[in-house]
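S.K.: Curious how this folds, go ahead:
(one chain, ligands or ions: 1)
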Amino acid sequence: MEIAKLEPLIVLTGAGISAESGVPTFRGAEGLWRTYRAEELATPIAFHRDPLLVWEFYAWRRELIAACEPNQAHWLLADIEKQISDFTLITQNVDGLHAAAGSRNIIEIHGSIWRMRCTSCGDRWDDGNVPLEKLPPPCPGCGEKARPDVVWFGETLDPEVLDHAFETVQRARVMLVIGTSGIVYPAAELPRVGKMHGAKLIEINTEITPISGIADQVYQSKATIGLQDWWADQQKD
Ligand code: APR
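M.R.: Numbering: from 1, shown residues only. Next up, the predicted model:
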């Protein structure tokens, strides 16, 4: 296989890649907490109204994710990165499983559930404690309440992070899109922009999505199987 013909290889992942690790997707039925959908709690309005309730939801998700391990798809992406020098992984996931599998060049466009941000002074810090001592967690600097450093519904993405992601997909020769419903913007725009700039677009998803129609190739299967099949197909060429 000629690795060079895959470079730059840009991968975009969504909740579907972590499904086989046991992390519930957002729009799947298992994504419900108590009776709430993520869209009802992962918002600035919900946090303003009831920060404790939103924190209880995140404490549950942190606990759930802490018990999960990367799966074969996360591992294989980390392995592919070792073989391809121009490789970037853009993820919408906040679960940290790509880093846990050894991926290095990651752009977390929706932030990380393992990072906190102070609602008052804006300080950010990593916190992997499960369970958390106090809800809402206090800022170590100013004592005000922290929030998870993730992008909520109705919030804009960090412009620098987003610019970096868009610049990256514009350079892509091959773009793999794994386990994303392709309906949450601006992330859903990334495959389109990649394609518009000449990338070969490959989708791996258990279902047909709005991205399937513009993809050059669709592996309609689980992330672990689809990625393995795609990688095996590259060895043949
Ligand atoms: N392998 C591959 N794809 C899968 C698998 C699997 N094992 N299981 C589910 N999927 C697919 C589903 O078919 C769906 O298209 O993964 C996708 C998951 O979609 P969403 O739950 O909408 O997740 P995502 O696209 O990451 O959501 C985007 O929305 O909720 C917000 O900020 C949150 O980052 C998230 C964003």
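
S.K.: roughly how far is the lengthiest strand in the chain from the heart of the chain?
M.R.: Scanning the chain for the strand with the most residues, using DSSP state E, yields strand 111-118. How far strand 111-118 lies from its chain's middle: 14 Å, per Cα atoms, centre = their mean, to the nearest Å.

S.K.: okay, it in PDB with CA atoms only?
M.R.: Extracted C-alpha coordinates of strand 111-118, given in PDB (Å, rounded to 0.1, in the frame of the first residue of the first chain):
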ATOM      1  CA  GLY A 111     -14.600  20.200  24.400                       C
ATOM      2  CA  SER A 112     -14.000  17.500  27.000                       C
ATOM      3  CA  ILE A 113     -16.100  16.200  29.800                       C
ATOM      4  CA  TRP A 114     -12.800  15.800  31.800                       C
ATOM      5  CA  ARG A 115     -12.100  19.500  31.700                       C
ATOM      6  CA  MET A 116     -13.800  22.200  33.900                       C
ATOM      7  CA  ARG A 117     -14.400  25.800  33.200                       C
ATOM      8  CA  CYS A 118     -15.100  28.400  35.900                       C
END
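
S.K.: So which elements touch that strand?
M.R.: helix 51-66, strand 124-126, strand 146-150 (3 or more Cβ pairs under 8 Å, 6 or more residues apart in numbering; DSSP states H and E). No exception for glycine: its C-beta is placed from N, CA and C like everyone else's.

S.K.: what is the orientation angle of the longest one with strand 146-150?
M.R.: Following axes from the mean of the first three to the mean of the last three Cα atoms, to 10 degrees, one obtains 50 degrees for the angle between helix 51-66 and strand 146-150.

S.K.: and helix 51-66, what other elements does it pack with?
M.R.: Partner elements for helix 51-66 (3+ Cβ pairs under 8 Å, 6+ apart): helix 38-41, helix 44-49, strand 111-118, strand 146-150.

S.K.: That helix - what's its average pLDDT?
M.R.: Helix 51-66 carries an average pLDDT of 96.

S.K.: Not counting that helix itself, show me its contacts.
M.R.: For helix 51-66, the surrounding residues in contact (Cβ atoms under 8 Å, 6 or more residues apart in numbering) are 22-24, 33, 36, 41-42, 46-47, 95-97, 113-114, 128, 130-132, 135-137, 145, 147-148.
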